[in-house]
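[1] predicted coordinates and the sequence they were generated for:
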Amino acid sequence: MYYAHYHNRLRSWPNTWFAAAAVDKPLKHVVFKMQLSDQTPTIEDPAPRQRHGGDGGGGGGADLTALFSDKLLLRILAAVPDPLRLPASLVCKRWLRLVGRLRHSLTLLDWSFLDRGRLFLRFPDLAELDLVPGSFASPSSVAARGRVLLSWGPFSVTVDTNADSPVGECCFLDPDVIDRGLETVARSCPGLRKLSLVASDSEAGLMAIAGGCDTMQELELHRCSDLALRSIFAFKNLQILRLVGSVDGLYCGPRVTDIGLTILAHGCKRLVKLELSGCEGSYDGISAIGRCCMMLEELTISDHRMDDGWLAALSFCGNLKTLRMQSCRRIDADPGPSEHLGTCPAVETLQMHRCQLRDKRSLQALFMVCEAVRDVVFEHCWGLDNNMFALVSICRRVKFLSLEGCSLVTTEGFESVVLSWMDLQRLTVISCNNIKDGEVSPALSSLFSVLKELKWRPDSKSALAGTGMAKKGARFFRRL
């Protein structure tokens, strides 16, 4: 019974592979011929067949894949669609080992899997590893009724509750435990290129990663502090760095300040992308990054706690091409005199996502620093009304504008800004309920007719929504 079940399952796998992955027809005929030879009885060998190879699994019957080298079988398994790779790994121990070599990215949910040394035996060729979800410590001394499951983005953790707060902060594993795990990662995964982890004040873990993973290019540090950045200089090839100081509602701790930003600036001079989330700092820290990280092209400021006046330091980022603001309650309460702001000469893209834009002076200062910007994106920004939106006209070279979820901007305020841009080529307006089709003027319609790209869905009741105009742009209007 077991033999018949296993034999039929094995015989069905090639058909599944080639139907889903469209492998070359000659290889399909080879496997089909092997199946026929396995099914045809022979007079010379009446004895039952025995399985070849010790790792092929139990039961009788020949292991046809034993004729394939690991290299060839890896190529075949690589053509199997991702949803079918897990069932394929259950065929035998050899397939389990080879399918594990095909996985290059992994998120660790249970730290014990790393402590027992099983992670890299199962997946020896990892290039991207996320240790953050597995770094949360589950409460063990609290009764079941005192536990709360908290979900935040990709994380789902169990936290403790107390009398003062409906939801308490989550806890992390001991720093010694995390450092030992990082040392295991450094020994077992020298080809790692991207790593996400919870930082500690100890330098042992990060120094081990820097010494063992020479190809590390991208690093994400959660619960980061100034002390945790002391070993950042050891990462010689680091190009992408994300620092998360604290996350409201999830955890908080010692944050990154100007001291940490200065250490970062002198230790990572080859940075191309940098994200600062929940970090403190001021003019001194940002200017140090601008002076030392000459290759920096993309800067993301998320939920910052920067001191007043930090905005003027952006002018030191001479090669900055993309500036992104995310979930910021404010930009800069006191940016200083406009003549001291300076500009970012190479900036091309300015993106504002879920930001509070209620301070006219700070928003004006931001547009002055990014005066040369070509692409401007506003997405679900609170407080962006006609008066605030009119400030973007300071940027005279805009070629692309995207408005999404900005319900305070009206058709009149939108039109006054858009018509002032002579180089506008692409326009996106989505879910802006106060921009109405019936209020579009002939001048704005004429502008639509010369755009290279137009996505126009200001609301679900838009007369133009679903007509195809939003995707045809200039070609649609030229037929009118």
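    Received it, and whenever you're ready, just let me know what you need. Every value quoted in this text rests on a predicted model; they were computed, and no experiment measured them.

[2] give me the low-pLDDT residue ranges for the chain?
    Within the chain, the ranges that satisfy pLDDT under 70 run 1-61, 138-170, 249, 253-254, 460-480.

[3] tell me the domain boundaries of it?
    Residue ranges of the domains in the chain are recorded as 2-41+49-102, 374-381+390-480, according to automatic domain parsing.

[4] alpha carbons only: can I get stretch 355-372 in PDB?
    The C-alpha coordinates for stretch 355-372 follow below in PDB (Å, rounded to 0.1, in the frame of the first residue of the first chain):
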ATOM      1  CA  CYS A 355       2.400  63.500   7.300                       C
ATOM      2  CA  GLN A 356       0.800  66.400   9.300                       C
ATOM      3  CA  LEU A 357       1.100  69.500   7.000                       C
ATOM      4  CA  ARG A 358      -0.400  72.200   9.100                       C
ATOM      5  CA  ASP A 359       2.600  74.500   9.600                       C
ATOM      6  CA  LYS A 360       2.900  76.900   6.700                       C
ATOM      7  CA  ARG A 361       6.300  78.100   7.600                       C
ATOM      8  CA  SER A 362       7.900  74.600   7.800                       C
ATOM      9  CA  LEU A 363       6.300  73.400   4.600                       C
ATOM     10  CA  GLN A 364       7.400  76.500   2.800                       C
ATOM     11  CA  ALA A 365      11.000  75.900   4.100                       C
ATOM     12  CA  LEU A 366      10.800  72.300   2.800                       C
ATOM     13  CA  PHE A 367       9.800  73.400  -0.700                       C
ATOM     14  CA  MET A 368      12.600  76.000  -0.700                       C
ATOM     15  CA  VAL A 369      15.200  73.400   0.200                       C
ATOM     16  CA  CYS A 370      13.800  71.100  -2.600                       C
ATOM     17  CA  GLU A 371      13.300  73.900  -5.100                       C
ATOM     18  CA  ALA A 372      14.800  71.800  -7.900                       C
END
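
[5] what comes into contact with it?
    Identification of contacts with stretch 355-372 by CB atoms under 8 Å, 6 or more residues apart in numbering yields 311-312, 314-315, 323, 325-333, 335-336, 338, 341-348, 350, 381-384, 387-388, 391-392, 394-397. Using the backbone N, CA and C atoms, a C-beta is placed for each residue, glycine as well.

[6] out of the residues you listed, which end up buried?
    The neighbour-count test (16 or more other CB atoms under 10 Å) applied to the contacts of stretch 355-372 identifies 311-312, 314-315, 323, 325-328, 331-332, 335, 341, 344, 347-348, 350, 381, 384, 388, 391-392, 395 as buried.

[7] filter the residues you listed down to just the ones in helices.
    Counted as lying in helices by DSSP state H, out of these, are M388.

[8] L261 sits in which helix or strand?
    helix 258-267 (DSSP states H and E).

[9] let me redo that: L401
    Using DSSP H and E, L401 falls within strand 400-404.

[10] what about the helices in the stretch 351-480 of the chain?
    Assigned by DSSP state H, counting those that start in this stretch, the helices in the stretch 351-480 of the chain fall at 360-369, 386-389, 411-418, 442-450, 469-472, 474-478.

[11] these: which one's closest to F136?
    Ranking those by their distance to F136 (criterion: CB to CB) puts helix 360-369 first, at 35.8 Å.

[12] only the buried residues of that closest one, if you could.
    Result for helix 360-369 [16+ other CB under 10 Å]: buried residues S362, L363, Q364, A365, L366, F367, M368, V369.

[13] not counting its neighbours along the chain, what's nearest the fourth one?
    The spatial neighbour of A365 that comes closest, neighbours along the chain excluded (CB to CB, 6 or more residues apart in numbering), is P335 at 3.7 Å.

[14] quick one: the one you found and L311 touch, right?
    Yes - counting by CB atoms under 8 Å, P335 does reach L311; the two are 4.7 Å apart.

[15] so what's Q351 up against?
    Residues in contact with Q351 (CB under 8 Å, 6+ apart) are T322, L323, R324, M325, V377, E379.

[16] do the same with N387
    K360, G413.

[17] distance of it relative to V440?
    In this view, N387 and V440 are 21 Å apart by CB to CB, to the nearest Å.

[18] got it, and L96?
    L96 sits at a distance of 61 Å from V440 (criterion: CB to CB).

[19] okay, the two: which has more neighbours?
    V440 (19 against 14; other CB atoms under 10 Å).

[20] nearest residue to the more buried one in space, please, no chain neighbours.
    Using CB to CB, 6+ apart, the nearest residue to V440 is T411, at 6.7 Å.

[21] let me know the distance separating that neighbour from K360.
    Applying CB to CB, the value for T411 to K360 is 21 Å.

[22] which ones are touching the nearest residue to L444 once chain neighbours are set aside?
    Among residues not flanking L444 along the chain, E415 sits closest, at 5.1 Å (CB to CB, 6+ apart). Each residue near E415 by CB under 8 Å, 6+ apart is listed here: V440, S441, A443, L444.

[23] give me the neighbour count for F123.
    Look at F123: counted by other CB under 10 Å, it has 19 neighbours.

[24] my guess is it meets T107, correct?
    No - applying CB under 8 Å, one finds F123 not in contact with T107, separated by 11.6 Å.

[25] re the thing from before, list the contacts of the residue nearest to V440.
    By CB under 8 Å, 6+ apart, the residues touching T411 are N434, I435, K436, E439, V440.

[26] one more time with 6 Å, if that's ok
    Counting by CB atoms under 6 Å, 6 or more residues apart in numbering, T411 makes contact with I435, K436, E439.

[27] which of those are buried?
    Among the contacts of T411, those scoring as buried are I435 (criterion: 16+ other CB under 10 Å).

[28] export the contacts of T411 as CSV, with columns for distance to C252.
    Below are these laid out as CSV (distance: CB to CB, whole Å):
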residue, distance to C252
I435, 39
K436, 44
E439, 46
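
[29] go through the contacts of T411 and say which is closest to L77.
    Checking those against L77 with CB to CB, the nearest one is I435 at 51.8 Å.
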